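Chemist: mind folding the following:
(one chain, ligands or ions: 1)
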Amino acid sequence: MDGPRRRRRRGFRGGRRGRGRGGRSPRRRRLSRAPLLLAVGRLKPGPEAALFAQHNARLRPPLAVREIPEARGSAAEVRRREGAALLEALPPAALAIALDLGGHAPDSEGLAALLTRWEESGKPLAFIIGGAEGLDPAVQARADQRLSLGPMTWPHFLVRGMLAEQLYRAQAIRSGHPYHRPWRP
Ligand SMILES: C[S@@+](CC[C@H](N)C(=O)[O-])C[C@H]1O[C@@H](n2cnc3c(N)ncnc32)[C@H](O)[C@@H]1O
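Modeler: Next up is the predicted model:
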């Protein structure tokens, strides 16, 4: 590819002009720091996708989403196959946070404190959301933290938006932004 089309593409990716001294574009740097969201299933356009997009767009940096196809078979087979695909997609160095009903259920301030701790580990963060059959024990065993959004079972596509909202709320708590009004006990 040559001519204006090539120049345009370079410009979008940061090209020479957009690069700093390290040779990486600001956009590249932002994406490489972005926490990963590994999630089972393909989220189609609709209210769940809109909810996620709305909150993810507010996150600095937004989550980089990687979807794992839903598997077929018995419940155990589905969990095992999806679990294997999730583990394959998980960067080895990642601090893995598995969304799981049985995990630790902090309040929003607690999640904000946890996020600070996770970020201070220096590891890239990866959040994992299972499919309709839940997460395979192998994924739970690999997870550095199991995070619960409460004891109720939520549809996995809704959990993406709920997680993004809570991460945004945690950022607001950490920066003192009035988006978060503390609970009133
Ligand atoms: C429909 S749920 C799966 C329910 C499944 N029976 C199980 O035992 O996990 C799909 C995924 O959404 C996430 N999820 C649903 N409710 C959740 C909650 N209350 N807290 C954390 N994650 C939740 C989990 O990642 C779960 O694997």
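Chemist: now the lengthiest strand in the chain, how far from the chain's geometric center?
Modeler: Taking DSSP state E as the criterion, the chain has its longest strand at strand 95-104. Distance of strand 95-104 from the chain centroid (Cα atoms, centre = their mean, to the nearest Å) equals 12 Å.
Chemist: ditto for stretch 48-61
Modeler: 11 Å.
Chemist: could you export it as PDB, CA atoms only?
Modeler: This file holds the C-alpha atoms of stretch 48-61, laid out as PDB (Å, rounded to 0.1, in the frame of the first residue of the first chain):
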ATOM      1  CA  GLU A  48     -26.300  -4.900  27.700                       C
ATOM      2  CA  ALA A  49     -23.800  -3.800  25.100                       C
ATOM      3  CA  ALA A  50     -24.900  -0.200  25.500                       C
ATOM      4  CA  LEU A  51     -24.600  -0.400  29.300                       C
ATOM      5  CA  PHE A  52     -21.100  -1.800  29.000                       C
ATOM      6  CA  ALA A  53     -20.000   0.700  26.300                       C
ATOM      7  CA  GLN A  54     -21.300   3.700  28.300                       C
ATOM      8  CA  HIS A  55     -19.300   2.800  31.400                       C
ATOM      9  CA  ASN A  56     -16.300   1.400  29.700                       C
ATOM     10  CA  ALA A  57     -15.900   4.600  27.700                       C
ATOM     11  CA  ARG A  58     -15.600   6.500  31.000                       C
ATOM     12  CA  LEU A  59     -12.800   4.300  32.300                       C
ATOM     13  CA  ARG A  60      -9.200   5.500  32.100                       C
ATOM     14  CA  PRO A  61      -8.000   3.400  30.400                       C
END
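Chemist: who's in contact with the longest helix along the chain?
Modeler: The helix spanning the most residues in the chain, taking DSSP state H as the definition, is helix 156-175. Outside helix 156-175, the residues within contact range by Cβ atoms under 8 Å, 6 or more residues apart in numbering are 35, 37, 39-41, 43, 48-49, 51-52, 54-56, 58-60, 63, 65, 99, 108-109, 111-112, 115-116, 127, 129-132, 149, 154, 177-180. C-beta here means a position set from N, CA and C on the backbone, and glycine is covered the same way.
Chemist: give me the buried positions along stretch 127-147.
Modeler: 127-131, 133-136, 139-140, 142-143, 145-147 (16 or more other Cβ atoms under 10 Å).
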